[in-house]
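Undergrad: from the sequence below, what's the structure:
(chains A and B)
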Protein chains: 2
Amino acid sequence: MLSSRSLLFSRNKVLTIDTMNPKVKNVEYAVRGPIVQRAVQIEKELREGVKKPFTEVIKANIGDAHAMGQKPITFFRQVLALCSYPELLNDNMFPEDAKSRARHILQACGGSSMGAYSASQGIDCVRQDVARYIERRDGGVPCDPDNVYLTTGASDGIVTMLKLLVCGEGASKTGVMISIPQYPLYSAALAELGAVQVNYYLNEEKCWSMDLRELERSLAEARKHCNPKALCIINPGNPTGQVQSRQCIEDVIRFAAKERLFLMADEVYQDNVYAEGCQFHSFKKVLFELGPQYSNTVELASFHSTSKCYMGECGFRGGYMEVINMDPEVKAQLTKLVSVRLCPPVPGQALMDLVVNSPQPGEPSYTTFMKERTATLSLLAEKAKLTEEILNTVPGITCNPVQGAMYSFPNISLPQKAIKDAKALGQAPDMFYCMKMLEETGICLVPGSGFGQKDGTYHFRMTILPPTDKLKILLAKVNEFHQKFTQQYS
Amino acid sequence: MLSSRSLLFSRNKVLTIDTMNPKVKNVEYAVRGPIVQRAVQIEKELREGVKKPFTEVIKANIGDAHAMGQKPITFFRQVLALCSYPELLNDNMFPEDAKSRARHILQACGGSSMGAYSASQGIDCVRQDVARYIERRDGGVPCDPDNVYLTTGASDGIVTMLKLLVCGEGASKTGVMISIPQYPLYSAALAELGAVQVNYYLNEEKCWSMDLRELERSLAEARKHCNPKALCIINPGNPTGQVQSRQCIEDVIRFAAKERLFLMADEVYQDNVYAEGCQFHSFKKVLFELGPQYSNTVELASFHSTSKCYMGECGFRGGYMEVINMDPEVKAQLTKLVSVRLCPPVPGQALMDLVVNSPQPGEPSYTTFMKERTATLSLLAEKAKLTEEILNTVPGITCNPVQGAMYSFPNISLPQKAIKDAKALGQAPDMFYCMKMLEETGICLVPGSGFGQKDGTYHFRMTILPPTDKLKILLAKVNEFHQKFTQQYS
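TA: As a prediction, this is how the structure comes out:
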């Protein structure tokens, strides 16, 4: 069964680069790609005393709030400690509302322990709390807890939904429309599943908005060679930091209804909205406001997570998805599919519960909770503004407002000579640029090519998460580096 | 692209049972299948006051220790509470060794928080601790932390390895050899990946041992229609509870070497060995004892978990895998693949660290830890013996010794009339039997057909986890039910 070539090169191994799953080989994930690996290596070199033009690596490559110094919400961690070691319920050091939340979660766990498996769809009472949260968020639009699935971070939910959708071969292979620039989980999952990635471009000139004509172009193009079944939207945007307008969301829903596309709304940054005049509109709310013609038909899955917003609890891998108008037979299949992995991590489920069931006015932890939440979100808003302002002062860098999420995705002009040199090395020009920046300044960014961008344009993604003083240093270094780089290659 | 049939039946939905991924439809997972769904329903009916011939459902369908009343290890939960809410490090209620373990874990987390993403392969220091644990377990056989990947439970590791291995179409489609009876994660993952499931039968007459001639038969058969690349072993066995002998493991390794098969050793029950004369031998240790001809060539992945053994912390979804002799290019692909999901849950990683780095003699928590650990394992050994003994008194039930793991998998004789009635209902006869038992006694078992068994034989899987008094009631009820059932259908 093996080709003579792979036999020759297999060095007697069963599993080699030639015999392994080619779909896995096609997977790319820039957020933790070669540039980040080099950054880790440089950190090690610095520890070993190697001299560099800098003393520390500043990682602005990933939305990892706690790693950048953001502190956890006290209330959440108190409840998690209580759930981990319920003997603490007898201790006077914890406020009553933390204790009652812990009891609420523990009574729903098998044997009152986070160590028991939960139902595969997630703990019942957590799904009920999620449903009530969604109803409040969406001004009373009803939410059935049976439509809520707890997940291992949002990534897990997104991959699970794609698994259900993807099938076929040749011209009937499933196509999935994703924005360009995109968050590379999407391209990676589609590569692994062997689906067709159908690109639609966000409009950089109009602050990365979605453009109906571009969606139509992309879909028409795709229909020539595959079967497009789903449309993915990330709002607020990753890596592009925009917040889509209500009008735009309406347009997208009407488009999906007309073209019979399953909508996947990645809304993990729903609390990360900073710009004046911008507001988060959930796809579900807009869908229901468009009336029964839409709310009874358009299929939608929306995703949320404990990793972003004001809590930034990435390590717990908590999340949920809500499915709307899903065919009951398909839902049964979804429930079966998630049962194979037994259950999402229970501490992450507990945390998700706290996010959707946070301290209320009158409860002892309310004031501290609100103070911490507001402080984090204000600081993020301040850093979003700062990032945009400073980057736009750099000749050759143009940066859209960071309306939401945690990233800026500025456009960078690269000299022709740099582009040529990069191509000679077989590197994307912005990878060449970011790699040089890392080696010279210790700043770790992700090149725009890792997210996708219009041909001939170049970008990088930079998180706004570093502490303000460090962010200022980082932006000053980017400024300096960009000018030096431009000069050097002009 | 849609067939006229699916258009007709699609009720205007994009995603229907006809348009969804057919591989997902092929997935089956009996451990949480129809019988468990019915059990949940019955529990609800009982709560609502529906009269039944019993007052509670006893779930012996899943290895979920805490749900069955097993208590968590105090030390582990103290450290997890400290890691969740590090302010507790200033509290005098925690022993020093718990505090030092918490500091050890937290200093390795970004921003000293479990809320930061870890490296995708897992936290460095945890992987180092795992490596030292493996070295101690295997009498000094070296373990490189670079070969250790932390996972979201063992299931995640197993699926990830299968993803790397599976490819091809038609006669060159990857085949994966799994034991029958098997743990249905394997069949489910193979169905989802579209691989060929290659069955080899365990020898029930010889206490579910592996038989070299059966492996040869199975492989020869498979080679006629697919490309068998991997051989999976579960030891101690799930659902069959056997512990493989050293000789058997040697034979399997020699077989894999000769036939060029990648070995996957599911060793999550490595501390669950009860029967006298039985001992756990890791595949890695035996591989290295066979000498360099084997230890330098045979590719092996072995899996462990926080969910079983004496800790039973299923809800945390902690685990690791060690890969041996993996091609470096493939390893790079593996590292890339796991990076897409960012990282395993950090609380689960912390727990894995505690399992491999438990209190040592002289440390303040040692005595309590050992007392708790020993008590749990002794109780399991007692219940294993009890289960085997009582089941073997029932006419028509034959049960192999429960040498290890957490399950008995007795053989049940079913009357011809019951088999006929089941078939008329389109049910597997042992499903028919288990469903009747559930309705009449409230006992929830999993039919043997969910794990696979020799044609014409029937079994069920029953965990030994219920508390001793409840286990005795359960076994008495099984006895009574089986006799009644046999009479009724004779």
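Undergrad: residues making contact with the strand or helix carrying A:E439?
TA: When elements are assigned from DSSP states H and E, A:E439 belongs to helix A:429-441. By Cβ atoms under 8 Å, 6 or more residues apart in numbering or on different chains, the residues outside helix A:429-441 that reach it are A:34-35, A:38-39, A:42, A:53-54, A:57, A:412, A:414, A:418-419, A:421-423, A:425, A:427, A:443-450, A:458-460, A:477-478, A:480-481, A:485. C-betas here are computed from N, CA, C, even on glycine.
Undergrad: what do you get for stretch A:31-39?
TA: Contacts of stretch A:31-39 (Cβ under 8 Å, 6+ apart): A:57, A:59, A:61-62, A:183-184, A:431, A:434-435, A:438, A:444-447, A:450, B:120, B:339, B:342.
Undergrad: which ones among the residues you listed map onto strands?
TA: Among the contacts of stretch A:31-39, the members falling in strands (DSSP state E) are A:K59, A:C444, A:V446, A:P447.
Undergrad: for the first one, give me its contacts.
TA: Applying Cβ under 8 Å, 6+ apart, we find A:K59 in contact with A:V36, A:A39, A:A67, A:M68, A:C444.
Undergrad: ok, so of these, who is nearest B:V355?
TA: A:A67 (25.1 Å; Cβ to Cβ).
Undergrad: give the burial count for that closest one, as a bare number.
TA: 23 (other Cβ atoms under 10 Å in any protein chain shown).
Undergrad: that one and chain B, how far apart?
TA: 3 Å (Cβ to the nearest Cβ, to the nearest Å).
Undergrad: mind telling me what element whatever residue of the stretch 351-490 of chain A ends up closest to chain B is part of?
TA: Closest to chain B within the stretch 351-490 of chain A is A:L351: 8.8 Å, counting by Cβ to the nearest Cβ. If you go by DSSP H and E, A:L351 is part of helix A:346-356.
Undergrad: so how far is that helix from its chain's centroid?
TA: Per Cα atoms, centre = their mean, to the nearest Å, the displacement of helix A:346-356 from the mean C-alpha position of its chain is 18 Å.
Undergrad: just the angle for it relative to helix B:346-356, thanks.
TA: 150 degrees (axes from the mean of the first three to the mean of the last three Cα atoms, to 10 degrees).
Undergrad: helix A:346-356 - contacts with which helices or strands?
TA: helix A:74-84, helix A:96-106, helix A:124-137, strand A:148-151, strand A:319-324, helix B:346-356 (3 or more Cβ pairs under 8 Å, 6 or more residues apart in numbering or on different chains; DSSP states H and E).
Undergrad: check which helix or strand A:Q270 maps to.
TA: With DSSP H and E as criterion, A:Q270 is part of no helix or strand.
Undergrad: hang on, isn't it packed against A:F303?
TA: No - the criterion here is Cβ atoms under 8 Å, and A:Q270 misses it with A:F303 at 10.0 Å.
Undergrad: with neighbour numbers in mind, choose between the two.
TA: The residue with more neighbours, out of A:Q270 and A:F303, is A:F303; 24 against 21, by other Cβ under 10 Å.
Undergrad: is it correct that the more buried one is in contact with A:G318?
TA: No - with contact defined as Cβ under 8 Å, A:F303 does not count as touching A:G318 (11.9 Å).
Undergrad: got the domain boundaries for chain A?
TA: The record's domain parsing of chain A by automatic domain parsing lists A:22-62+A:371-488, A:105-356.
Undergrad: name the stretch among those that sits most buried.
TA: domain A:105-356 (a mean of 22; mean count of other Cβ atoms under 10 Å in any protein chain shown).
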